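Peer 1: Whatever this is, show me its structure:
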Amino acid sequence: MGIVSKIIDDNKLTPEDIPKLEGKLFWEGPKRRINLERFAMLLLLSTIIANYGVLKDSTATVIGAMIIAPLMVPIVAAAAALVMGDLNRAGRALLVVAAGVSGVILVAFVSGAIHPIFISFTTNSQIIGRVSPSLGDLIVALASGVAGAFAVSRDDVADSLPGVAISISLVPPLAVTGISLSHGEFLAASGSFLLFITNFFSILLAGGLTFVILGLSLAATHDLKKSIRRKAFIGIIIGTSLVAIPLTLSSFRVARQSHLEYQAQIVAEQWLDQTGYDLVRLDSSLKNRIELVITGTGTPPSLSEFGGALKEKIYRDIQIRLKVIPTSVEYYPKLR
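Peer 2: Have a look, this model is predicted:
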């Protein structure tokens, strides 16, 4: 704890730092229009790049979109404004976020609708990786929120912001949401939007707490602002907790499925040992059902043996569908 306290003390915001931080986060005065135009331009470009990366299933392209995406700045600004008890600034920042989110989803929807090539929602890794968020995503988002607030508050670590932008991933989930909606994939759209909401609340909560620890709360000097800050963070904590519920359920489902697949793989290998058959595919992604595909010659092994052995491992019955692909062996020249 002594090391942590020393790090915090060394990076405390001074009264001279707060005006500089306000200048970076709150787009006010004569430069407001220019800052908004830059934000809109960068957001549009990052959306186009993210859409292309998702549609082409290109990880490198999606990472490029994350680096230039400016959406984290107004969210961090909202967190800072709430710490300072300034509802006007928080409201303006959240309005920018709402407009940006709507714009990204709209552009992605149009891109998905006019894209001439078929998009597979079951094999595209950029889509699959963003439609089933888990508690792990919440933990990463909270850590990224701390890093984002810290990087914004200190000029000497501002170079870390691109890395933070990559870790938090705000635009790609929204791109997946728009593309999914354009193809009527509402379950995928809701999952990817949940990932964005997770990142959004995590930045507000973790970023806000970071600003409090660094001393930005000193800007909230009178009781009214302190009351606003307290109520705002109660709301953020409630929102984050509500988001954590489906993430917990999703994590439990994924863990259960992984355990089932692992045990089924072991049982299948033992079941097929020295039978003349090999396992081609094992699919446990279907609810309460496993699909097996085996290939070989001769009489297939008994499916009931596999089912009984698997039940001993997972302590429950599960439906099993077996597909047998016979193997035909030929020789040339023919053996005599």
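Peer 1: CA only for contacts and neighbour counts going forward, please
Peer 2: OK.
Peer 1: does the residue nearest the centre of the chain sit in a helix, a strand or a coil?
Peer 2: The C-alpha lying nearest the average C-alpha coordinate of the chain belongs to Leu195 (Cα atoms, centre = their mean; 4.5 Å). Taken by DSSP: H, G, I helix; E, B strand; the rest coil, the conformation at Leu195 corresponds to helix.
Peer 1: Please name the nearest non-neighbouring residue to it.
Peer 2: In this structure, Leu195 finds its nearest non-sequential neighbour in Pro133, 5.6 Å apart by Cα to Cα, 6 or more residues apart in numbering.
Peer 1: Over to Val110?
Peer 2: Using Cα to Cα, 6+ apart, the closest residue to Val110 is Ser182 (7.2 Å).
Peer 1: tally of neighbours for that neighbour?
Peer 2: Counted with other Cα atoms under 10 Å, residues neighbouring Ser182 total 20.
Peer 1: With the one 3 residues further on instead?
Peer 2: Burial measure for Glu185: 14 neighbouring residues, criterion other Cα under 10 Å.
Peer 1: For it, list the residues it contacts.
Peer 2: By Cα atoms under 8 Å, 6 or more residues apart in numbering, Glu185 lies in contact with nothing.
Peer 1: Distance check, it against His115.
Peer 2: Between Glu185 and His115 the distance is 15 Å, computed by Cα to Cα, to the nearest Å.
Peer 1: Tyr277 now?
Peer 2: Distance from Tyr277 to His115, by Cα to Cα: 43 Å.
Peer 1: more neighbours, these two?
Peer 2: Higher neighbour count among Tyr277 and His115: Tyr277, with 22 against 13, using other Cα under 10 Å.
Peer 1: Name the residues linked to the residue nearest to that one when sequence neighbours are not counted by a beta bridge.
Peer 2: Distances taken as Cα to Cα, 6+ apart put Gly296 closest to Tyr277, at 4.2 Å, once the chain neighbours are dropped. Beta-bridge pairing for Gly296 (DSSP bridges): Tyr277, Pro326.
Peer 1: quick thing: my sequence starts at 42, can you match it?
Peer 2: Okay, residue one is now 42; in that scheme the one you just asked about reads as Gly337.
Peer 1: give the contact list for Gly337.
Peer 2: Gly317, Tyr318, Asp319, Val365, Ile366, Pro367, Thr368.
Peer 1: just Thr336 next, same as before
Peer 2: Listed by Cα under 8 Å, 6+ apart, the contact partners of Thr336 are Tyr318, Asp319, Leu320, Val321, Val365, Ile366, Pro367, Thr368.
Peer 1: Need the buried ones from those residues selected in ChimeraX.
Peer 2: Of the contacts of Thr336, the buried ones can be selected in ChimeraX as follows, counting by 16 or more other Cα atoms under 10 Å:
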select :318,319,320
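Peer 1: quick check, nearest of the contacts of Thr336 to Gly94?
Peer 2: Val321 (31.1 Å; Cα to Cα).
Peer 1: Is the closest one inside a helix or a strand, and which specific one?
Peer 2: Following DSSP states H and E, the helix or strand that holds Val321 is strand 318-324.
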